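[1] Got a predicted structure plus its sequence, pasted below:
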Amino acid sequence: MPRILTVAAAQLGPIQRADDRGSAVARMCALLRQAGANGCDLVVFPELALTTFFPRWFMEDQAEVDSFFERAMPAPETQPLFDLAKELAIGFYLGFAELVEEEGRLRHFNTSILVDKTGAIVLKYRKIHLPGHAEHEPWRAFQHLEKRYFEVGNLNWPVTRSLGGVLGMAICNDRRWPETYRVMGLQGVEMVLIGYNTPRHNPPAPEHDRLSEFHNHLAMQAGAYQNGTWVVGAAKCGVEEGCEMIGASAIIAPTGQIVAQALTQDDELVIARCDLDLCASYKETTFNFARHRQPDQYGLITARAGAIPPD
């Protein structure tokens, strides 16, 4: 019998700065109910799904910055999402800004969690590839200060057996980096869940703007094919505080093919029946890592960060 996981990428339209967490959770609960009516096992919400994408602003007051972070998960504002998921017996991925005390200090991470059908958190990931910049750059139309507001994630890319398969997570910019998928691929991952908030305009390279959706899918399709895994990408999109963010939420098969894709720039559920056994033919042939990889030749990948051309 095939192992079918019916998955929904739960795209969200814009969340404005004046919108509170309760309104965001209510929208996610509406999508969760829709997913339940369609027999879904798993729903993937976007990165930073509870608030507007706050790194677009330079803020000097740390208390103002911290107001966008969650000190507990679930908390009173997010508990209804956990309760409804448990009632409907649906798992979910949720991205949020995490404020936690570790190593004797407060730490800030861009985080995602995987919640199973019982409402229990079974996996946590903290974003590793932080894009943007750390200092105020007034020449930009909007800021992208993830390097200022978040630390680099410290959990690597863990995977877990849950919902009948081997699942892992990444967040937004992680999807552009092949190492993200390969680390999980080397753990036998069968489905990678990714939430993102991606501005259409790239101030340092505006010539990329017209290719935003193409690059979004290109990276996820390559990661899926090269690691024999399903990939689910869920966007927060639309015009948020004057900044246009791309949508194009998609579910991608281990073949590299897009099997379902969002059509709007608003709240939308994208659903696919994913056969996890489809991963096997890629993991056992073209991308049989044990047979074909040559890790002793890849030392430069971990020894060097920046590219150094030959003399």
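    Nice, thanks for sending it over. Just so it is clear, the model here is predicted, and its values are computed rather than measured. Numbers count the residues shown, from 1 in each chain.
[2] Name the secondary structure element that contains Y93.
    Using DSSP states H and E, Y93 falls within strand 91-102.
[3] Next, the buried residues of the host helix or strand of R148.
    Here R148 is covered by helix 146-149, with elements defined by DSSP H and E. Under the neighbour-count criterion of 16 or more other Cβ atoms under 10 Å, helix 146-149 has E146, R148, Y149 buried. All C-beta atoms are positioned from the backbone trio N, CA, C, and that covers glycine.
[4] I'd say the second one and E137 touch.
    Same thing as R148. No. Checked against Cβ atoms under 8 Å, the pair R148 and E137 is beyond contact range at 10.7 Å.
[5] Would you quantify the distance from A18 to F142?
    From A18 over to F142 the distance is 17 Å, taken as Cβ to Cβ, to the nearest Å.
[6] related to what we said a few turns ago, closest one to Y282 out of the buried residues of helix 146-149, please.
    Nearest to Y282 among the buried residues of helix 146-149, counting by Cβ to Cβ, is E146 at 32.5 Å.
[7] contacting residues around that closest one?
    Contacts for E146 (Cβ atoms under 8 Å, 6 or more residues apart in numbering) come out as P55, N110, K127, L130, P131, G132.
[8] If you rank the residues you listed by neighbours, which is first?
    The most neighbours of any of those, using other Cβ atoms under 10 Å, belong to N110, which has 29 neighbours.
[9] burial of E77, as a residue count?
    16.
[10] quick one: the strands in the stretch 201-311 of the chain?
    230-235, 238-240, 243-245, 250-252, 258-261, 268-275 (DSSP state E, counting those that start in this stretch).
[11] Mind listing what's buried along the last one?
    Pointing back at strand 268-275 there. In strand 268-275, counting by 16+ other Cβ under 10 Å, buried: E268, L269, V270, I271, A272, C274.
[12] Turn those residues into JSON lines, including distance to S212.
    Below are the buried residues of strand 268-275 laid out as JSON lines (distance: Cβ to Cβ, whole Å):
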{"residue": "E268", "distance to S212": "18"}
{"residue": "L269", "distance to S212": "22"}
{"residue": "V270", "distance to S212": "18"}
{"residue": "I271", "distance to S212": "24"}
{"residue": "A272", "distance to S212": "23"}
{"residue": "C274", "distance to S212": "25"}
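[13] Show me which residues of stretch 195-207 are buried.
    G195, Y196, N197, T198, P199, R200, N202, P203.
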